[in-house]
Every structure is written in structure tokens, then in C-alpha cells.
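Engineer: Predicted model and sequence follow; I will ask about them next.
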Amino acid sequence: MFEFIRTHQRLMQIFLALLIIPSFLFFGNVSTDMFQDPVNLVATVGKRSITQQEWDNALNQEMNQARQSPTFDQARFETPETKQRVLNGLIEKQVLQAAIDDKHLVLNDEVLIKRLMEIPGLVGEDGKFNNKQYVELLKQQGLTPAGYEASYRRDILMQQFTQSIQATAIVPSAVANRIADIIEQEREVQELLIKASDFTDKVKITDDMIKAYYTKNTKNFEIPDQVKAEYLVFNSDVVAGMVSVSDADAKANYENSKKTRFTQAEQRRASHILLNVKKDGSDREKVKAAAQALLDQVRKAPADFAKLAKEKSDDKGSGEKGGDLDFFGPGAMVPPFDAAVFKLKKGEISDLVLSEYGYHIILLVDIKPESIKPFEEVKAQILDEMKRPMVSKKFTDLSTPFSEAVEDRSESLQAAADKLKKDKLELKVETVAGLGRVPNPGMAPGTPYNNVKFLAALFSDDSLKNKRNTQAIEVAPGVLVAGRVLEYKPVTLRPLSEVQENIRAILLRTEADKQATSEGKAKLAALKAKPDDAGFALAKRIARTKQPEIHPAAVQSVMTADTSKLPAFVGVELPGQGYGVYRINKVEASATPDLARRQAMPQQLSASFSNQEMRAIVDVLKEKAKVKVIRPAVAASASASASASASASASASSAK
């Protein structure tokens, strides 16, 4: 079993990471030491404290995990909202831990041992826990049994505590069915649009109106401050040419690894005819008899194999191709099939082969013997693989000289580049104009100077006022950038003459909207007093679960309108388009209920209510624990709003 651990270290690392993440990744390992440096404190939970280092660690751990995703965006982890979310997680973990401690909850050894024995590869065939493997595995992760088990106990207790709270959210089936009825309800609706465009000729826009709008909305007409800057990029590509691997070393690497890495196992091409057997095996004998008759027929006329496969095989995918399965290697098929194929000679037909799918008749069409890719074919790959760690080391070795050079020669990036040239590091100073304080979404991904951290450094007071080099900023793994401001353009206001036509268009739309809305509301009042259907479009069936056939902005109002008396009328402002009046003629249940949605509804509602219940409990516990956030990432009101929005989103997702 230890061999399994040794040869599957990556798998075991991931498994352990999943076990450790609940306490170290999302929430962090929060200290209870109250003798922290006050300057380093970011929050307190009763007598417990959270430090800046713990906050940074939690953020970095979450970011490192996210790097595995192809859509990873480092800028997302540098926003105040993300930082605040991570800090909130640390606080919530401590609040819940305090509640667990107050209730003196403990985890007995039996539960811990049971959980540990569920780790793959740590229990031998004799059913006994292999402690030696366990200690070795933890050692590879830099952990000790005592530290890991203490953390794991906390995680299990936390899980049990939160689950016990969430389990109180029970949704009766009657409630779930009623909500499903409401979601699937359909309404027959007619639409009457009062278009804003019909009023544009009646609107008069004066110069005074334009001036007043311009004066009131100057922020909308500002040109943000910009800089022209020079920058210096140091990345792995720069040092790639500074390292080399000889052909002899590459050839030696090839010879040592060609059997394991560059050998193509024997491939076999087969065709088959499959007759399925029911999962319970009740028709096995009947199918076997039919398969045997078919096998006898094939052996009498092997040339008819493809024709019979098309007509008789239950594997329709290969059957359409005459049973052809193309070339495949050992282990590609289910074991009985695999074993039979690799015993056949070319052109030979197998006996009946029983697999979990049924009975197979197999024809071996062709054989590709084992082959080894020649050195020249894989040479480039080997050279790249051998150079990669050398480039990484070289980059690391030169990162410090690069950082020191841009700081020591802070008055000029060219001076820094000249100093680095003496270390045989050739870097070119580039220039770019029109950089703002925030990244430009229109630029190509990975543009080194279009990075939130680099731009923040470039727009710092020292950089703007003193025109000094920025520090070396890591904008991506293995990419350092330093910059220096050459020219600064402060925020400017576009002149009225330049924007007055845009303002005129805005005012025209706004005033036309107002007139359309005014007429629409008058029309709505008249219809409520004396219903009729004059001017309305043809009736359409509207539902929350269908693509809307009326203006999307009106669907919510139509579906929530009081329909105790029909026809019912509702009006909706449609900014930029006018005003919509909607006549609701019928309210009916869906003719085709979504059974899958209805089955999932109780669980989804329970999950939603559980989240709300958990949120409410955490809020109470926070108040009890006297949480104090000393240095929030965002203002308290914004943080609360973001938290509420996240909660609402989670609830909405659960209810879909």
C-alpha cells in the first residue's frame, strides 16, 4: 500500500488539501493570542484576534488554489471586495469556533479515527490502519500528526455544528408545491406600447437646459488623469536565452526515459457485434443463445461481419461503422473484452465474450506493434522540459538584482537597465502613453503594464510627484515590471461645445420618456376605470420559466400584478423606449409542469432557507462576540451591502 502512496503523491496531496482547506484556506488558521502587535491587528472577536499576516495568508491560499483554473484572474483578488470577503470568512470562523468552545463541544476519538481511516491508501488489505504511511504522508506536506489531527478535529466539529443549524430548515411539500405552482404559472397578456420616439418631435430642448445639465453632471464629462510612462519588463523569456542544454544531455535524458515516456504500446484495431443483456441478467441465457447463433453465422461467412454488425449489434455507434472500434491500447476496453482482443491473431474471430454490457463477438482487424518515438521527434520537447527548471532558477537568481537596480537607480529606468547590462541581463526600456488608474479591458490579456498593482504604483504620490521608478511589481507569476512616469495629465473637463450635442440627445430621450410615461399612466387609469382592448397587440402567454415575448423589464410586474379581478391592467416604465400598458386576461397553471424542477424544489428551498438561517445565527453570534473590525478593506456599509447581496444571490440560485 505504501507503493500506492509513493506513486500517487499528487493524488494524495490533493486529497489532504481538501481535508485541510476548510480551516486553512477559506478561513485561515486564526490566532487567539491577544498579545499581538496592535498595528498588525485587523479584527478582534471577543478575546481572539486576527492579524494582517493571517489575512494575507488566507487570501494567498485562496488565490493559489484559484491559479489552477484556466480562467484565473489575479486582479479579482486585489479588489477591496474580495479582501473583505476573505476577512469576513476569518471572522465568521472565529465566531463559530467561539460558540463551539462556549458549548464545550468535543469530538471523540472514535469519530476522528473513522474519518482518518477513510483516507485512500492508509488502510491495508487486512483492514488495519498503516500509521507509518500516515506519518510519512503528513511529513511530505510539512505537517505533524498532532497538528493535523487538532486542525481536523476543529473542521469536523465546525461541520457538525453548522449542519445541525442548517438541518433545522425544513420545507413542507405543500409549500414547495405551491412555490412551484407560482413559478410555473402562466398569464395571457396583451401589450400596448406608448413609444417615446413618438414624442421626440414635440420636445423642445433649450440652451439653458443643456447648460444646466452640463453644470449638474460635470463628473460625466471628465477625462480621467493619465500618464505617459516608461517601463522595464523582466520575465522568464528574458533569461531563456541565457541557459542552454546540450544535445548530449538531451540524448541521455531520452535514453533514460524512452521506455516509460516515449514508447507507444501495442495497438489493436477490432470490430465487434454486441448483444445487450439486461442488468438483472434475467435474459442472459436467451441472449447467449442468440449470440451463439450469430457467431456461427459469422464464422461461416466472415466477409459478412460488417453487414451483420450494422443489422444486429446493440452498440449503435460502432454498428453504423460495421462494428469498427478503431485502434486502441491495453486497458482501453472493459477487462473481459480487453483480455480477449489481446489474445487474438490478426483476422481471427473470438468466442463469445461476456462483459457487463452483454455478449461480444470480436474480429481482430489489425495490429500496430509497440514502437518508440525517435529522438529527433521528441528532442524539442526534452530540451524545453530540461531548460524550464534552469530558466526558473535563473529568473529567481536575477530577480533580486533587477529589483535592486530599479530602486538604486530610481531616477531613471535606463540607468537601471545599464546597470543590469553589466550582469549580462539585456533589457529594453519601453514607452507607453495614455495609461489610466484602472486597467483597460480592451488591451490584450497579459499586457504587463495593464495591471492593477502596477498602475497603482505608477499613480502613487512618489511616482507622480518625484518621477521616481516604481518598485519591481509582480504582475503575474514569473513577470516583474518597473515603471517611471514621464508626463502626467491631470483630470480635465471636456468643454461644453464638445459635448452639447450628446447632452441634447440625452435630454431629448429623457423628456420624450417623461411625456410617454405621462400619457401611459393616463391611459392606464382610463383602462382601469373602463376596460377595453383597443390598441393592444395579440395575446401572448407569459411565464417566469419561458423566454419573454413582451418587454423583459415588464415580466416581473406582469407576473406579480393583482389578478383577483380580470382583466387586470399594469403599467411599466421602459427607460429609453417609453411606457408599456399590459392587459392580463387569464391566469392558468402550466399545461406542462416541470417534474424535475418539482422534485428538486424541496431540496433547493431547504438549501436556501438553511443559508438564511445560518446567516441569521452568525449575525447573532457576531453581536454576542463583540466583533470589532479595526482595518476593513471596504467601508462597513459597503461590506454589509456586499454580504447581503452575496446572501441574496445564493438564495436566488438555490431557488432556481
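Structural biologist: Received it, and whenever you're ready, just let me know what you need.

Engineer: got any ranges where the stretch 551-656 of the chain has weak pLDDT?
Structural biologist: Counting by pLDDT under 70, the ranges of the stretch 551-656 of the chain that qualify are 634-656.

Engineer: the strands in it, which residues?
Structural biologist: Here the stretch 551-656 of the chain has its strands, by DSSP state E, counting those that start in this stretch, at 568-574, 578-588, 627-629.

Engineer: As a markdown table, these with distance to Q226 and mean neighbour count would be great.
Structural biologist: In short, each C-beta sits where N, CA and C put it, glycine included. Shown next, in a markdown table, are the strands of the stretch 551-656 of the chain (distance: least, CB to CB, whole Å; neighbours: other CB atoms under 10 Å):
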| stretch | distance to Q226 | mean neighbour count |
| --- | --- | --- |
| strand 568-574 | 38 | 20 |
| strand 578-588 | 39 | 20 |
| strand 627-629 | 35 | 16 |
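
Engineer: where does the nearest residue to V491 once chain neighbours are set aside fall, phi/psi-wise?
Structural biologist: Spatial nearest neighbour of V491, excluding adjacent residues (CB to CB, 6 or more residues apart in numbering): D225 at 4.8 Å. Main-chain torsions, D225, degrees, to the nearest 10: phi -70, psi 150.

Engineer: likewise E81?
Structural biologist: Main-chain torsions, E81, degrees, to the nearest 10: phi -60, psi -40.

Engineer: neighbours around it, how many?
Structural biologist: Residue neighbour count, defined by other CB atoms under 10 Å, stands at 14 for E81.

Engineer: Give me the distance between it and A633.
Structural biologist: Distance of E81 to A633, given as CB to CB, to the nearest Å: 8 Å.

Engineer: Check F77 too.
Structural biologist: 12 Å.

Engineer: And the two? Which one has more around it.
Structural biologist: A633 (20 against 17).

Engineer: check contacts around that one.
Structural biologist: By CB atoms under 8 Å, 6 or more residues apart in numbering, the contact list for A633 reads 80-81, 83-84, 87, 639.

Engineer: same question, F536
Structural biologist: Taking CB under 8 Å, 6+ apart as the definition, contacts of F536 comprise 190-192, 583.

Engineer: Which parts of the stretch 201-350 of the chain are helices?
Structural biologist: If DSSP state H, counting those that start in this stretch is used as the criterion, the helices of the stretch 201-350 of the chain fall at 207-216, 236-240, 247-261, 284-300, 305-312, 316-319, 335-341.

Engineer: Can you add mean neighbour count, distance to L137 and mean pLDDT and give those helices back as CSV?
Structural biologist: Shown next, in CSV, are those (neighbours: other CB atoms under 10 Å; distance: least, CB to CB, whole Å; pLDDT from 0 to 100):
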stretch, mean neighbour count, distance to L137, mean pLDDT
helix 207-216, 14, 67, 95
helix 236-240, 17, 32, 87
helix 247-261, 13, 24, 89
helix 284-300, 14, 44, 94
helix 305-312, 17, 49, 94
helix 316-319, 14, 42, 92
helix 335-341, 17, 30, 93
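
Engineer: what would these look like in JSON lines with distance to V438?
Structural biologist: Shown next, in JSON lines, are these (distance: least, CB to CB, whole Å):
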{"stretch": "helix 207-216", "distance to V438": "25"}
{"stretch": "helix 236-240", "distance to V438": "27"}
{"stretch": "helix 247-261", "distance to V438": "46"}
{"stretch": "helix 284-300", "distance to V438": "68"}
{"stretch": "helix 305-312", "distance to V438": "62"}
{"stretch": "helix 316-319", "distance to V438": "52"}
{"stretch": "helix 335-341", "distance to V438": "57"}
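
Engineer: residues near the residue nearest to T51 when sequence neighbours are not counted, how many?
Structural biologist: Residue nearest to T51 in three dimensions, not counting chain neighbours: N40, with 4.9 Å by CB to CB, 6+ apart. Residue crowding around N40 was assessed by other CB under 10 Å; the count is 15.

Engineer: gap between N40 and K93?
Structural biologist: Counting by CB to CB - N40 and K93 are separated by 19 Å.

Engineer: got it, and T517?
Structural biologist: 50 Å.

Engineer: Please apply the same query to Q297.
Structural biologist: Note on Q297: its distance to K93, by CB to CB, is 69 Å.

Engineer: Counting neighbours, what do you get for the closest residue to I372 other than its chain neighbours?
Structural biologist: Closest residue to I372 apart from its sequence neighbours, by CB to CB, 6+ apart: T263 at 5.1 Å. By other CB under 10 Å, 12 other residues sit near T263.

Engineer: Next one: T263 relative to E549, how far apart?
Structural biologist: 61 Å.

Engineer: Could you tell me the end-to-end distance of stretch 100-109?
Structural biologist: Between the opening and closing residues of stretch 100-109 there is a gap of 17 Å (CA to CA, to the nearest Å).

Engineer: Show me the contact partners of it.
Structural biologist: Outside stretch 100-109, the residues within contact range by CB under 8 Å, 6+ apart are 153, 156-158, 160-161.

Engineer: got those as TSV, with secondary structure columns?
Structural biologist: Shown next, in TSV, are these (DSSP: H, G, I helix; E, B strand; the rest coil):
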residue	secondary structure
R153	helix
I156	helix
L157	helix
M158	helix
Q160	helix
F161	helix
